[in-house]
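Participant: Any chance you could fold what I've pasted below:
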Amino acid sequence: MTRLATSALALALLTGSAIAQPVAYSFDKSHSNLSFTYNHLGFSTTDGRFGDWDGTLAIDESTPANSSIEFTVQIDSLDTFWGERDAHLKSADFFGAAKYPTATFKSTEVNKVGEKQLEVTGDLTIKDVTKPVTLTVDVFGQGEHPMAKKPAFGFKVSTVIKRSDFGMDAYVPYVGDDIAITFHSETLKADASN
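Facilitator: Just a heads-up that it's a prediction; the model follows:
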């Protein structure tokens, strides 16, 4: 009888831990945007975005600390809505896109800091320089997606980095060193085949 009870308890623990495993989610790119802003000479704010990016996301609802994200951005997809400026930002003065075609982020720690807010710390690599960065993640929506009919999350992710930390110090302080990064995204539970 004791052996049966022990086996039942072990099975329950194993089943419980299996349920608590992180779940893969995919990004709905048609409802996502990776953007940035910086100050220009104290007179204006310049906006831009990256149109080509991809990532993997795993969410553990019961234990957010087990969640993780990895993200890769194609630098050549930079768009500030002004071609000459885009070319300059991709040049060796800034991103050096020909030599360093991607930027990456890989999470190292996830902490729940509010009812609908997380802090995600990770390694950001730009131009082969890696620095720790903390992202603020605000959860906009959570539940069944009304159209896709599958579990979904909606996020706003934000942080501020110094471009000079990544070897892009041209024209500082006239062109702002602080770069505000914002990522809005809808995510859907990935299909089992993904």
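Participant: Quick check: next helix or strand after the longest strand anywhere in the chain?
Facilitator: Under DSSP state E, the strand in the chain containing the largest number of residues is strand 23-40. Heading C-terminal from strand 23-40, the first helix or strand you meet, by DSSP states H and E, is strand 44-50.
Participant: what does the average pLDDT come to for stretch 149-165?
Facilitator: Average pLDDT, stretch 149-165: 97.
Participant: nope, stretch 42-61 is what I meant
Facilitator: Here the average pLDDT along stretch 42-61 is 96.
Participant: just the CA coordinates of the longest strand of the chain, formatted as CSV?
Facilitator: Written as CSV, here are the backbone C-alpha positions of strand 23-40 (Å, rounded to 0.1, in the frame of the first residue of the first chain):
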residue,chain,number,x,y,z
VAL,A,23,5.5,26.8,-23.7
ALA,A,24,6.8,28.0,-27.1
TYR,A,25,5.1,31.1,-28.6
SER,A,26,5.5,32.6,-32.1
PHE,A,27,5.5,36.2,-33.0
ASP,A,28,2.6,37.6,-35.2
LYS,A,29,4.8,39.8,-37.3
SER,A,30,1.8,41.5,-38.9
HIS,A,31,1.0,42.9,-35.5
SER,A,32,4.5,43.6,-34.2
ASN,A,33,6.9,46.5,-34.5
LEU,A,34,10.5,47.0,-33.4
SER,A,35,11.2,50.7,-33.2
PHE,A,36,13.7,53.2,-31.8
THR,A,37,14.0,56.9,-31.2
TYR,A,38,16.9,59.3,-30.4
ASN,A,39,17.3,63.1,-29.9
HIS,A,40,18.8,65.2,-32.7
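Participant: Enumerate the positions of it that are buried.
Facilitator: For strand 23-40, the buried set under the neighbour-count rule, 16 or more other Cβ atoms under 10 Å, comprises 25-27, 34, 36-39. (Each C-beta comes from the backbone N, C-alpha and C, glycine too.)
Participant: and if you look at stretch 150-167?
Facilitator: Neighbour count says stretch 150-167 has 151-155, 157, 159, 161, 163, 166 buried, by 16+ other Cβ under 10 Å.
Participant: can I get the CA coordinates of that stretch in PDB?
Facilitator: This file holds the C-alpha atoms of stretch 150-167, laid out as PDB (Å, rounded to 0.1, in the frame of the first residue of the first chain):
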ATOM      1  CA  LYS A 150      -5.400  29.700 -29.400                       C
ATOM      2  CA  PRO A 151      -3.500  31.000 -26.300                       C
ATOM      3  CA  ALA A 152      -2.000  34.500 -26.900                       C
ATOM      4  CA  PHE A 153       0.000  37.200 -25.200                       C
ATOM      5  CA  GLY A 154       0.400  40.900 -26.200                       C
ATOM      6  CA  PHE A 155       3.500  42.800 -25.000                       C
ATOM      7  CA  LYS A 156       5.100  46.200 -24.900                       C
ATOM      8  CA  VAL A 157       8.800  45.800 -24.400                       C
ATOM      9  CA  SER A 158      11.000  48.900 -23.700                       C
ATOM     10  CA  THR A 159      14.500  49.900 -22.700                       C
ATOM     11  CA  VAL A 160      17.100  52.600 -23.200                       C
ATOM     12  CA  ILE A 161      20.600  51.900 -24.200                       C
ATOM     13  CA  LYS A 162      23.700  54.000 -24.900                       C
ATOM     14  CA  ARG A 163      24.900  53.600 -28.400                       C
ATOM     15  CA  SER A 164      28.400  54.600 -27.400                       C
ATOM     16  CA  ASP A 165      28.500  51.400 -25.300                       C
ATOM     17  CA  PHE A 166      28.500  49.500 -28.600                       C
ATOM     18  CA  GLY A 167      31.200  51.500 -30.400                       C
END
